[in-house]
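K.L.:
Build me a model:
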Amino acid sequence: MKKLLLLLLVLLLSMSFMLVGCDEGEVPDDSNPDENTNPDEDSNPDEDSTPDGDSTPGGEDETPVEASFAFGDITMRVGESIPLITVLKDGNANRTLTYTAGGSQVSVSGGKLTAKAVTSGVTVSVSTTGFSASFTVKVLAAASTTPEAPNYGQMTITHPKKIYTNYSGGEVVASFSNPDYATGVVYSSDTDGVYVQNGKVTARGVFHRDTVATITAKSEYHTATFKVTVSTYTSRSAETKVGYYEREKIKPENQGGIIFVGDSYFDGYLGDDGKPPFWKEFATDFAGVNAHLFGLSGSEIADLEMVSERVVYPMKPTEIVVHIGFNDVHGLNQTLSDSEAFAKVDAIASRIQALLNEYKEKLPDVHVYYLGVEGKRSASSTQQGTASAHYNSTFKYAPRLSDKMKAFANGKDWCTFIDTGALTYNSGRTDIVTTYYGDNSHLSVAGYQQLTKLLNNERAKRPVVPVVNDFSIANSSTSIQNTAHYIKYMGSNLTTDYVLEGEISVTDFTKNNSHIQLRFSQNWRFLLWDSNSDGTAGVGWTENGTNTNELNSGVSKNYKLADKPKIKFTVAVTNNDAYLYLDGTLVKKFSNVSSSTLEYFNIGAQNVGISVKNITLTVKKYSATDYSAKLSSLGITY
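P.N.:
Residues are numbered from 1 along each chain as shown. Predicted structure coming up:
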């Protein structure tokens, strides 16, 4: 009697009556108020009974007392009906209840109350001989019978902003906020010669001017559009060098370091002497650092926009050093009015800034260093008005571009302006200082050493938080050297003075000399090794070129590969020793080692698949306090 009890609350206070009720969903017959007995039972005027033999609300016969009655407010929905109590029994007499609705939003008929229209409250009066009461009915909208639409989520397309015709194109990736509705995507273009294929948007043919193509992406549940600008790039000399970089430098082992991009200042195309054409001592200045030159001689910002898709993003750098704008400003007509020239300089700055923003967008963890623009050595304060001497570009255009870029970098924690242009000017930028020039435009060996010093000073100021991404290695019989994943920091190999922690999970294996390595050089490595090919791996190592397998190591730490164990590891390296901890236990120590012995660090696997997660790295050079605390927690004194 859920609806019934919500509607009627009878309080026995001042008169004697009994409530004539009904079973849930059933309305009592009130056609004969004088008949109170169940027709299937003998009449007994001394007994109070209800239809169908239901007892009174108390569940047993009660002695009549003085009472009055009251009703509670209720809430219904449009179209809903509920049964009403229509008879009260007072002693041996039945009292018929009369209901009157105070508005058209509800109706009373046939012993039922029906909700007709939405209302915040309509009064229903209840009366019988000598008594009355009322209650309020709130009516809500009818419950919707229309099924709720599925939450398809959103489809987002990541794409290049600009591509060059007849080049390799830019990567297009569709992502879905609700993976339950992630389906295949079909792309179409409104521009002939522009299409998406094999995950890249590509242009073929001749475009005589920049063209904006609209690409539509459709999946089973989503539609999205994006725009890409198509340009024609005609520099064959640049293509030669980009091809060289792609063949010689863009390799997995070189990823994650520091790259130098832009113009001839960073040209990395090696000459007959095995050195870059201008930064001759680059290998010396950045010895031991995962650093690479990707400059193109003669480049302007348009060239860097082109090569970024091919050499910057595939390298996945953690740091990018940019030298661009020199050829743009020094290539301007020296006879332009200041207003015309400054407008062009500002446009150059805007394009450079847009490209740096794109670097940050596509490489969220990257830090960018922009180097200020130098003057031409041939210019001097006495040559004002001499167009051929690059006076205006040296003393007006280049400083203006540098100032624009300095303002851009200001306040950005991911971008640093370095005023290498100051190496070529006096303090007021009113005259040229030739100390660090190697020719009319480029720096000398000493000049590049000063550039390196300025750059490294800024690199040292950065709050450095090591980020080592999770990675996996598939089960393969391929040589372990080919599966090795190198872990580097700030673009440099790990040698000494660091602590590396993480978790290795076995995902699959083959009983054929399965082994996992944590390697420092050709002759030094820790091993988890199943040399017996019985499915159980234990601790082994290669020490100064000599192998010790798990059967002879004397270490009792073993793992059944079929159980797909998760192994927590810590590799701690000081300037003298290297330690391996597995699940918190020290299992092996290499003593009296050095950076010449420990050349790098990688993790590899053969005949066993692994995933490596939750990697943390602490390096003494950049966080000495944290490094000392890590060693102390491991009980290592150094």
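K.L.:
From here on, just use CA atoms for contacts and neighbour counts.
P.N.:
Fine.
K.L.:
Let me see the residues that make contact with stretch 318-333.
P.N.:
The contact list for stretch 318-333 (CA atoms under 8 Å, 6 or more residues apart in numbering) reads 256-263, 265-266, 298-301, 304, 341, 345, 348-349, 352, 365-374, 390, 393-394, 397-398, 401, 490-491.
K.L.:
Check the separation of the first and last residues in that stretch.
P.N.:
37 Å (CA to CA, to the nearest Å).
K.L.:
Which stretches in the stretch 101-250 of the chain count as strands?
P.N.:
106-109, 112-115, 119-128, 131-140, 155-158, 162-164, 170-171, 173-176, 186-189, 194-197, 200-203, 211-218, 223-231 (DSSP state E, counting those that start in this stretch).
K.L.:
The stretch 251-400 of the chain too?
P.N.:
258-262, 291-293, 319-323, 367-371.
K.L.:
most tightly surrounded among those?
P.N.:
Greatest average neighbour count among those goes to strand 258-262 (a mean of 25), per mean count of other CA atoms under 10 Å.
K.L.:
circling back: quick one: buried ones out of the contacts of stretch 318-333?
P.N.:
Taking 16 or more other CA atoms under 10 Å as the criterion, what is buried in those is 256-263, 265-266, 298-301, 304, 341, 345, 348-349, 352, 366-374, 390, 393-394, 397-398, 401, 490-491.
K.L.:
JSON lines for the strands of the stretch 101-250 of the chain, including mean pLDDT, mean neighbour count and distance to Gly438?
P.N.:
Listed next are the strands of the stretch 101-250 of the chain as JSON lines, based on pLDDT from 0 to 100; neighbours: other CA atoms under 10 Å; distance: least, CA to CA, whole Å:
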{"stretch": "strand 106-109", "mean pLDDT": "91", "mean neighbour count": "18", "distance to Gly438": "96"}
{"stretch": "strand 112-115", "mean pLDDT": "92", "mean neighbour count": "20", "distance to Gly438": "93"}
{"stretch": "strand 119-128", "mean pLDDT": "90", "mean neighbour count": "17", "distance to Gly438": "87"}
{"stretch": "strand 131-140", "mean pLDDT": "88", "mean neighbour count": "18", "distance to Gly438": "85"}
{"stretch": "strand 155-158", "mean pLDDT": "93", "mean neighbour count": "16", "distance to Gly438": "43"}
{"stretch": "strand 162-164", "mean pLDDT": "81", "mean neighbour count": "23", "distance to Gly438": "34"}
{"stretch": "strand 170-171", "mean pLDDT": "81", "mean neighbour count": "19", "distance to Gly438": "38"}
{"stretch": "strand 173-176", "mean pLDDT": "93", "mean neighbour count": "14", "distance to Gly438": "45"}
{"stretch": "strand 186-189", "mean pLDDT": "95", "mean neighbour count": "15", "distance to Gly438": "50"}
{"stretch": "strand 194-197", "mean pLDDT": "92", "mean neighbour count": "18", "distance to Gly438": "45"}
{"stretch": "strand 200-203", "mean pLDDT": "90", "mean neighbour count": "22", "distance to Gly438": "41"}
{"stretch": "strand 211-218", "mean pLDDT": "95", "mean neighbour count": "18", "distance to Gly438": "41"}
{"stretch": "strand 223-231", "mean pLDDT": "92", "mean neighbour count": "17", "distance to Gly438": "35"}
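K.L.:
I'd like those as JSON lines, with distance to Ser553 appended.
P.N.:
As requested, the strands of the stretch 101-250 of the chain are exported to JSON lines (distance: least, CA to CA, whole Å):
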{"stretch": "strand 106-109", "distance to Ser553": "88"}
{"stretch": "strand 112-115", "distance to Ser553": "84"}
{"stretch": "strand 119-128", "distance to Ser553": "82"}
{"stretch": "strand 131-140", "distance to Ser553": "78"}
{"stretch": "strand 155-158", "distance to Ser553": "51"}
{"stretch": "strand 162-164", "distance to Ser553": "57"}
{"stretch": "strand 170-171", "distance to Ser553": "49"}
{"stretch": "strand 173-176", "distance to Ser553": "49"}
{"stretch": "strand 186-189", "distance to Ser553": "57"}
{"stretch": "strand 194-197", "distance to Ser553": "53"}
{"stretch": "strand 200-203", "distance to Ser553": "51"}
{"stretch": "strand 211-218", "distance to Ser553": "58"}
{"stretch": "strand 223-231", "distance to Ser553": "60"}
